[in-house]
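1. Output the structure for:
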Amino acid sequence: MPSKNKDQMILSASYLVPVSSPPLKNGAVLVEDGRIKDTGTSDIIKKKYPEIPVRNFPESILMPGLVNCHTHLEYSALGPLTKHVDFVPWIKGLIQKQKALSKAEILLSIRKTVKSLISAGVTSVGEVSRSGLSLDELIKSGIKGVYFNEFVAVDDNRLKKAICDHEANFRQCKLKLKRPDLKPGVFPHSPYTLSTKSLKYISSYYKKNKISCGMHAAESPFENEFIFKGSGPLADFVKTFQLESIPISGKWRGTTEYLNGLKFTDPLNHLVHCVHLNRKDFALLAKTKTGIVLCPRSNYLLKNGEFPLRSALKYDLKMGIGTDSLASNYSLDMFEEIRMLKNIYGSSLINERLVRIATLGGAEVLGSEKETGSLLPGKKADLIVVKINTRPVKNLSPVDHIVSKAVANDVCFTMIDGLIRFDK
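-> Sure thing, here's the model as predicted:
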């Protein structure tokens, strides 16, 4: 249970990492009515506000809550995935395994996973759901973000029913989501599981309703082959669903060009994975302010390759990080995702950028950067405390520690909207 909202509270730690400004040694944050009122060194903040109660966190880092931009909580009971698997057989197996689960099993796994996300320092999510079963648990938890209703396996013949089902789900979702910090969105699964006509409808729909949209894109090496030639393992996969109107002609040169032609490249949309993109793709996504969500460990386990991080960082891209689901990952530890991206880059020179991508960058992708993602006065008090449990390393900054050493279990305190959601 969350604590009662404390009108005023000072949180002090060995290090403050605001993200929006350089780290501070012995830093503090003043929280008032659910928002950050002031930040600075502990001495100055305590002196300015002598009558406000202080919570001290020695040997710790105070930082913004993590933004997990891509989750599928309803798949939690299907994991964890602890070994490499081939992508297309994995999708087929996922569908079969999910059918075997009871509603009670799915709900229990969702409940456990939401608790584990909060205790691991996640304060915002981009949750993708086909069943709607994770919605109530997210509402109760206090986690913010976007709740995406997923479209999948929709060809022209099934479009009318899919639209009716979606609009009913969307109305129900809006009725339940009375909090402005957890919003409804739409998520067309991928370019290879929806017809062009279906994608055009969704593109028009999210723009008309001014809601967030996301899509798996360029995840597998087979996707461009399917879009460019209409052949390959994904084409065979589509046939098993008898999706007669999905085959794509060789008109398009790849995923990004195809989606741009359907008007899916804009600030309201983000693409998940993006492993098989090139500099031309990144230039287009930067120009259109389309978001990118990186899921490096899922890509690794499903043998889909590595995101071309060095190339991407040359562009002014809006980027966030996601863990994907436990069906394609061995944990939902965002620190491990950050660390894998550092290893892909091969240098600690981008550590500050990686921490930003995991916090403020994710908030930008989900459209909530004005309210969360950094410890800036006026923003919501969405923050975490990370214990420094390893031996100090000479010249290791708090940012370097977050990237190189921290793990989910080091989180000892999670606050969302000024409410204490986790405290150990």
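
2. how near is the closest residue to H276 other than its chain neighbours to F237?
-> Nearest non-adjacent residue to H276, counting by Cβ to Cβ, 6 or more residues apart in numbering: A218, 4.4 Å away. No exception for glycine: its C-beta is placed from N, CA and C like everyone else's. Distance from A218 to F237, counting by Cβ to Cβ, to the nearest Å: 16 Å.

3. who has more neighbours, the two?
-> With other Cβ atoms under 10 Å as the criterion, A218 and F237 differ in neighbour count, and A218 comes out ahead with 27 against 19.

4. quick one, what contacts the more buried one?
-> Residues near A218 by Cβ atoms under 8 Å, 6 or more residues apart in numbering: N224, G254, T255, T256, L271, H273, C274, V275, H276, L277, D281.

5. Pull out the buried residues from these.
-> Neighbour-count burial (16 or more other Cβ atoms under 10 Å) is assigned, among the contacts of A218, to N224, G254, T255, T256, L271, H273, C274, V275, H276, L277, D281.

6. can you tell me how far the residue nearest to H276 sits from N224?
-> Taken as Cβ to Cβ, the span from A218 to N224 is 7 Å.

7. Residues that sit against both of those two, list them.
-> G254, T255, H276.

8. close enough to count as contact, the first one and N224?
-> Okay, so that is G254. Yes: at 4.7 Å, G254 counts as touching N224 under the criterion of Cβ atoms under 8 Å.

9. Secondary structure, distance to M334 and pLDDT for the buried ones among the contacts of A218 - can I get that in a markdown table?
-> Below are the buried ones among the contacts of A218 laid out as a markdown table (DSSP: H, G, I helix; E, B strand; the rest coil; distance: Cβ to Cβ, whole Å; pLDDT from 0 to 100):
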| residue | secondary structure | distance to M334 | pLDDT |
| --- | --- | --- | --- |
| N224 | helix | 29 | 83 |
| G254 | coil | 29 | 81 |
| T255 | helix | 26 | 90 |
| T256 | helix | 26 | 92 |
| L271 | strand | 19 | 98 |
| H273 | strand | 16 | 98 |
| C274 | coil | 18 | 97 |
| V275 | coil | 19 | 97 |
| H276 | coil | 24 | 96 |
| L277 | coil | 22 | 96 |
| D281 | helix | 25 | 96 |
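
10. Can you pull up the most central residue in this structure?
-> Centroid check for the chain by Cα atoms, centre = their mean gives C69 as the closest residue, at 0.9 Å.

11. Can you tell me the SS state at it?
-> Secondary structure state of C69, per DSSP: H, G, I helix; E, B strand; the rest coil, is strand.

12. quick one: low-confidence ranges for the stretch 251-400 of the chain?
-> 251, 390-395 (pLDDT under 70).

13. rewinding a little: pull the contacting residues for the residue nearest to the centre of the chain.
-> By Cβ under 8 Å, 6+ apart, the contact set of C69 is V125, G126, H270, V272, V293, G320, I321, G322, G362, V365, L366.

14. ok, how many other residues are close to the residue nearest to D324 when sequence neighbours are not counted?
-> Closest residue in space to D324, ignoring its immediate chain neighbours: S298 at 3.9 Å, by Cβ to Cβ, 6+ apart. By other Cβ under 10 Å, 24 other residues sit near S298.

15. ok, now K314?
-> Neighbours of K314 under the rule other Cβ under 10 Å: 11.

16. So that it lines up with my notes, have the first residue be 170 from now on.
-> Sure, I'll start counting at 170 from here, so that last one is K483.

17. give me the element it is part of.
-> Under DSSP states H and E, no helix or strand contains K483.

18. For it, give me the backbone phi and psi.
-> Backbone torsions of K483, given as degrees, to the nearest 10, read phi -80, psi -10.

19. quick one: contacts for it?
-> Applying Cβ under 8 Å, 6+ apart to K483 gives the contacts R448, F451.

20. Please, where are all the helices along the stretch 170-319 of the chain?
-> 211-217, 256-269, 272-288, 304-310 (DSSP state H, counting those that start in this stretch).

21. tell me the domain ranges of the protein?
-> Domain ranges of the chain: 177-234+542-592, 235-535, per automatic domain parsing.

22. mind checking how far the first one is from the chain centre?
-> Domain 177-234+542-592 has its average C-alpha position 22 Å from the chain's average C-alpha position, going by Cα atoms, centre = their mean, to the nearest Å.

23. How about the last one?
-> Mean-position distance between domain 235-535 and its chain equals 9 Å (Cα atoms, centre = their mean).
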